[in-house]
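Undergrad: Here's a sequence, model it:
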Amino acid sequence: MSKIYACIIVLFIYSNAFSQKVVALTGKVIEESNKSAIQSATVYLSNAKDSTVIDYTISDKNGKFEFKIKKINTPVFLKVSFVSFEDFKLALNSIDQDKDIGIITLKDAAKSLNDVVIK
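TA: You can find the predicted model right below:
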């Protein structure tokens, strides 16, 4: 019976030693014009090679977002989008430790329309 307990303890130690560490990726999304926080902006990580989505989240009422993900040792893109603003895209070589992206400023995507003539 003691051999079984010893095996379980050894397996537990090895599984913890080889498990992947979870890291945090944080930041804040604001408007360029008035520097106010943008709530509910979509923030997602995608694989740089084939654009597959790794994870996504939405910014909170203070514009803050946080990912809790396993370490990523391949290039990824951090993308932020919100209606009526230009998309933001940041290339990251890897995410192997906690990282604060800082403040992400979204620019207004104002577009002027052509004249409309009603007859």
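Undergrad: Bridged to residue 72, which residues?
TA: Beta-bridge pairing for residue 72 (DSSP bridges): residue 95.
Undergrad: residues near it, how many?
TA: Look at residue 72: counted by other Cβ atoms under 10 Å, it has 19 neighbours. Just so you know, the C-beta spots here come from the backbone N, C-alpha and C atoms, and that holds for glycine as well.
Undergrad: From what I see, it and residue 97 are in contact.
TA: No: Residue 72 is beyond contact range of residue 97, at 10.9 Å (criterion: Cβ atoms under 8 Å).
Undergrad: and the spatially closest residue to residue 66 that is not a sequence neighbour, what is it in contact with?
TA: Distances taken as Cβ to Cβ, 6 or more residues apart in numbering place residue 26 nearest to residue 66, at 4.7 Å, with adjacent residues excluded. With contacts defined as Cβ atoms under 8 Å, 6 or more residues apart in numbering, residue 26 is in contact with 64, 65, 66, 67, 98, 99, 100, 101.
Undergrad: Tell me the first helix or strand C-terminal of the helix or strand that contains the second one.
TA: With elements taken from DSSP states H and E, the one containing residue 65 is strand 64-70. The helix or strand immediately downstream of strand 64-70 is strand 76-81, counting by DSSP H and E.
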